[in-house]
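> Return a 3D structure for these sequence lines:
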Amino acid sequence: MPTAIKFENISKQYRLGVVSTQTLSHDLNRWWKMNIRGKEDPYLKIGEVNDRAHKGESEYVWALKDINFEVQQGDVLGIIGKNGAGKSTLLKILSKVTAPTTGTIKAAGRIASLLEVGTGFHPEMTGRENIYMNGAIMGMTKAEITRRFDEIVDFSGVERYIDTPAKRYSSGMTVRLGFAIAAHLEPEILVVDEVLAVGDAEFQKKAIGKMQDVSRGEGRTVLFVSHNMGSIKSLCSKGIVLTNGSVSFVGNVEESIENYSYNFFDNSERRLIDCLKYNTTNLIIDEIKVNGFEKNIVNITEKNNVINLYIKGRNFMDMKIAVEMKIYDNNDIPLIIYSPNHNTGITTNFKAGKFEINTCLTMPMGLSHGRFYADVYVTNPLIEGYVDIIRGLVIDSEGYPTETGFVFDYSKGHGLLFLH
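Residues are numbered from 1 along each chain as shown. Next up, the predicted model:
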């Protein structure tokens, strides 16, 4: 297959909090070196990778660094990574919203982009006018746009408001019309960045189906960014994983999701208490045990499907304290929630001093074989979060058959509830 997009040494550097260098001496030095002496930007060598979780020493950061890969015509490429990994920056450079600091992109054909809610829309224009404006920007004639107009409106489901100014649209309506325009105006390359998460479930399903038709039936290229690994897996054939602005993995979609999941979740065996993040100074956790052990990995079998969570600490004022948990599969899709907010679990009033919580979760009998991850929260439900442990608990399940999808254990005042 011919190459549709080629990224060559793409890098993007920003100076935190400012535009340009924001100092006259730096601006003059940059202009002198680049325009008079013909040398490279002297400030490109200053800076760090864009690791948003840690404070850096330099005010210059690389949002992208040395990106090199090719996308073949007809490929549906999923771009995966944490928030801040550089996914949106990469697509903005491809869509010519911003320019790279170094490198070039070669793209064969017209590019239609849906980067964020309202991108490419003029708020004072009606939906009808925005359809024609976007088509004209893509280089289409009025006759070509008119030929697809009814399909666009029908797909978007906003026919009643098509002659209403776009500023009156809700975010969902804007996304619906924006996607319909991008998908139906016959671009050779379709770029979609997470924005479908704004739409309802029905529209997301329809949009994914349309992208499949565009790629498989019409042989066009799709670049898709999403944090929903289920959508990535169902739509994409290939994937790349971005980490701190660099490509860390390229492969088929299953391998890419596995690589991302392995690196996103800390799979190392360690103490669960070491995963704590405090949101308050009124409470300190001294000890956490899972099934009697301090380690953060627990094994679930058909004969032993109970997780016992023991938490011991000190509270410096009278507090209501509860333990909540949310369990995810390997695609980062939430499966189960355990919370007093859902009429399960117990909220206890503790006087200032020491406290102990010993809570018991009965895992669902239908849990499949594999690895699962859990967030653990110590909270005053619906009021305040005291402590977060994000994806800190690793659950290894051997998998076993069941006749029911979930189990409630009201005898202990606890339970489990599937979100799906």
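
> and residue 395, what element?
Element membership of residue 395 [criterion: DSSP states H and E] is strand 384-397.

> mind checking how far that strand is from the chain centre?
19 Å (Cα atoms, centre = their mean, to the nearest Å).

> Within the sheet, what are the partner strands of it, with directions?
strand 277-278 (antiparallel), strand 297-300 (parallel), strand 370-380 (antiparallel) (DSSP bridges).

> Need the winner for burial among these.
strand 370-380 (a mean of 20; mean count of other Cβ atoms under 10 Å). Using the backbone N, CA and C atoms, a C-beta is placed for each residue, glycine as well.

> how does the chain divide into domains?
If you go by automatic domain parsing, the domain ranges for the chain are 74-264, 272-418.

> I'd like the mean pLDDT over stretch 319-335, please.
The average pLDDT for stretch 319-335 rounds to 83.

> Check which residues of that stretch are buried.
Using 16 or more other Cβ atoms under 10 Å as the test for burial, stretch 319-335 gives 319, 321, 322, 323, 324, 325, 326, 327, 328, 329, 332, 335.

> Quick one: distance of it to the chain centre.
On the basis of Cα atoms, centre = their mean, stretch 319-335 sits 17 Å off its chain's mean C-alpha point.

> ok so, going back, of the strands paired with strand 384-397, give the one that comes closest to residue 113.
strand 370-380 (32.7 Å; Cβ to Cβ).

> So for the nearest residue to residue 139 once chain neighbours are set aside, what's the pLDDT?
Leaving aside its sequence neighbours, residue 139 sits nearest to residue 110 (Cβ to Cβ, 6 or more residues apart in numbering; 6.2 Å). On pLDDT, residue 110 comes in at 83.

> related to what we said a few turns ago, could I get the strands paired with strand 384-397 as a markdown table with distance to residue 192 and mean pLDDT?
Formatted as a markdown table, the strands paired with strand 384-397 follow (distance: least, Cβ to Cβ, whole Å; pLDDT from 0 to 100):
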| stretch | distance to residue 192 | mean pLDDT |
| --- | --- | --- |
| strand 277-278 | 32 | 87 |
| strand 297-300 | 36 | 84 |
| strand 370-380 | 27 | 87 |
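
> burial of residue 236, as a residue count?
Residues lying near residue 236 (other Cβ atoms under 10 Å) number 26.

> Quick check: it touching residue 79?
No - the criterion here is Cβ atoms under 8 Å, and residue 236 misses it with residue 79 at 9.1 Å.

> got any residues that touch both of these two?
Here residue 236 and residue 79 have residue 224 as joint contacts, going by Cβ atoms under 8 Å, 6 or more residues apart in numbering.

> partner strands of the host helix or strand of residue 222, parallel or antiparallel?
Assigned by DSSP H and E, residue 222 belongs to strand 221-225. Strand 221-225 has its sheet partners listed here by DSSP bridges as strand 76-81 (parallel), strand 189-193 (parallel).

> Just give me the residue closest to the centre of the protein.
Central residue of the chain (Cα atoms, centre = their mean): residue 227, 2.9 Å from the mean position.

> can you pull the pLDDT of that residue?
Value listed for residue 227 in the pLDDT field: 76.

> Mind telling me what element it is part of?
Judged by DSSP H and E, residue 227 forms part of no helix or strand.

> again, but for the one 4 residues further on
Secondary-structure element containing residue 231, defined by DSSP H and E: helix 229-235.

> The following helix or strand past that helix packs against which elements?
Going down the chain from helix 229-235, the next helix or strand is strand 238-243, by DSSP H and E. Judged by 3 or more Cβ pairs under 8 Å, 6 or more residues apart in numbering; DSSP states H and E, the packing partners of strand 238-243 are strand 76-81, strand 246-252, helix 253-264.

> Let's have those in a markdown table, adding distance to residue 191 and mean pLDDT.
As requested, these are arranged in a markdown table below (distance: least, Cβ to Cβ, whole Å; pLDDT from 0 to 100):
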| stretch | distance to residue 191 | mean pLDDT |
| --- | --- | --- |
| strand 76-81 | 10 | 90 |
| strand 246-252 | 17 | 91 |
| helix 253-264 | 17 | 79 |
